[in-house]
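>>> this one's structure only:
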């Protein structure tokens with residue numbers, strides 16, 4: 001067979017394959033768009049439903065300092081939510097980030113310790129929150145005698161969010177190209193300087209994603225806080241009992257007399273989560289630019 005005939009036969013055989021790949025790519029792209037539209041649509045419906053049911057029932061009396069059975073004020077719950085989120089992240093973020101840095105940058109790849117930590121973190125991430133609630137009550141409330149307090153709740157939530165931050169930090173650092181480290185070492189930088197000034201800023205978006213997910217879980221957690229932080233209607237100190245917005249919403253819904261007020265609390269909780277996520281994104285963007 002001549003070279004020209006062979007070339008024609010190759011072209012004739014390759015054209016259907018190219019078309020099949022093109023139609024396959026179009027189909028997969030359409031499915032991805034469809035999944036994204038369905039996800040965004042469900043999210044939009046939930047947000048719209050909560051806003052329509054809750055915004056008309058927001059009243060100034062719901063933000064009074066003193067809580068009564070008439071105004072069902074949520075000001076104390078808002079402040080307790082902010083303090084609970086701050087305390088939980090204060091415990092979980094440093095431990096999770098530094099643990100992820102050790103596993104990705106300093107530990108021997110594939111060692112028994114690394115495998116053990118990974119399996120443990122992935123197992124802890126899948127444990128139901130009620131198990132954390134019982135553990136937090138036995139460990140912090142009873143054994144360490146912290147009592148039902150904001151500190152006990154914050155430590156329990158820190159344990160819940162720690163595996164997520166640890167694993168996401170490790171994966172984000174491992175995703176940074178090896179050439180970044182080699183270039184830094186070639187310029188004379190040490191291991192610590194390379195990790196902090198070169199690798200960590202590049203991995204910051206992935207670490208931020210874990211922190212944002214943690215904020216959402218802390219803000220929306222109810223079961224763990226009922227057993228550890230309690231349901232007291234007051235602005236609580238670290239060693240005092242106090243309810244967060246999610247617990248406040250749950251209690252209003254349970255009583256059955258304040259269903260519309262519960263939707264109003266849900267609107268405020270949604271706004272607070274969005275604002276905290278936006279603030280975290282801004283801080284991470286500043287850190288990334290500085291790095």
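Done, it's in. Everything quoted here is computed from the prediction, not taken from an experiment. Numbering: from 1, shown residues only.
>>> need the residue closest to the centroid of this structure.
Centroid check for the chain by CA atoms, centre = their mean gives residue 213 as the closest residue, at 1.1 Å.
>>> need the pLDDT of it.
Listed pLDDT for residue 213 reads 84.
>>> same check, this time on residue 188
For residue 188, pLDDT reads 83.
>>> what's the burial count for it?
The tally of other residues near residue 188 (other CB atoms under 10 Å) stands at 7. In short, each C-beta sits where N, CA and C put it, glycine included.
>>> how about residue 34?
Residue 34: 10 neighbours (other CB under 10 Å).
>>> distance-wise, check it relative to residue 44.
15 Å (CB to CB, to the nearest Å).
>>> show me where this structure has helices.
For the chain, applying DSSP state H gives helices covering 3-54, 75-101, 112-125, 129-136, 150-174, 178-186, 191-194, 200-220, 223-228, 245-255, 259-290.
>>> surely the residue nearest to the centre of the chain and residue 163 touch.
No. In this structure residue 213 lies outside contact range of residue 163 using CB atoms under 8 Å: 11.4 Å.
>>> weakest of the helices of the chain in terms of mean pLDDT?
Ranked on mean pLDDT, the bottom entry among those is helix 3-54, at a mean of 75.
>>> for residue 63, which of the helices of the chain is the nearest?
Nearest to residue 63 among the helices of the chain is helix 75-101 (5.1 Å), distances taken as CB to CB.
>>> how far does that closest one sit from its chain's centre?
Distance, stretch centre to chain centre, for helix 75-101: 11 Å (CA atoms, centre = their mean, to the nearest Å).
>>> stretch 152-163 now?
12 Å.
>>> need the contact list for the closest residue to residue 284 other than its chain neighbours.
Take residue 284 and drop its neighbours on the chain: the residue closest to it by CB to CB, 6 or more residues apart in numbering is residue 208, 4.1 Å away. Taking CB atoms under 8 Å, 6 or more residues apart in numbering, we find residue 208 in contact with 280-281, 284.
>>> list only buried entries from the residues you listed.
Among the contacts of residue 208, the ones that count as buried by 16 or more other CB atoms under 10 Å are 280, 284.
>>> before we move on, back to that, roughly how far does the residue lying closest to the residue nearest to the centre of the chain once chain neighbours are set aside sit from residue 109?
Counting by CB to CB, 6+ apart, residue 164 is the residue found nearest to residue 213 once chain neighbours are left out, at 6.1 Å. For residue 164, the distance to residue 109 (CB to CB) stands at 22 Å.
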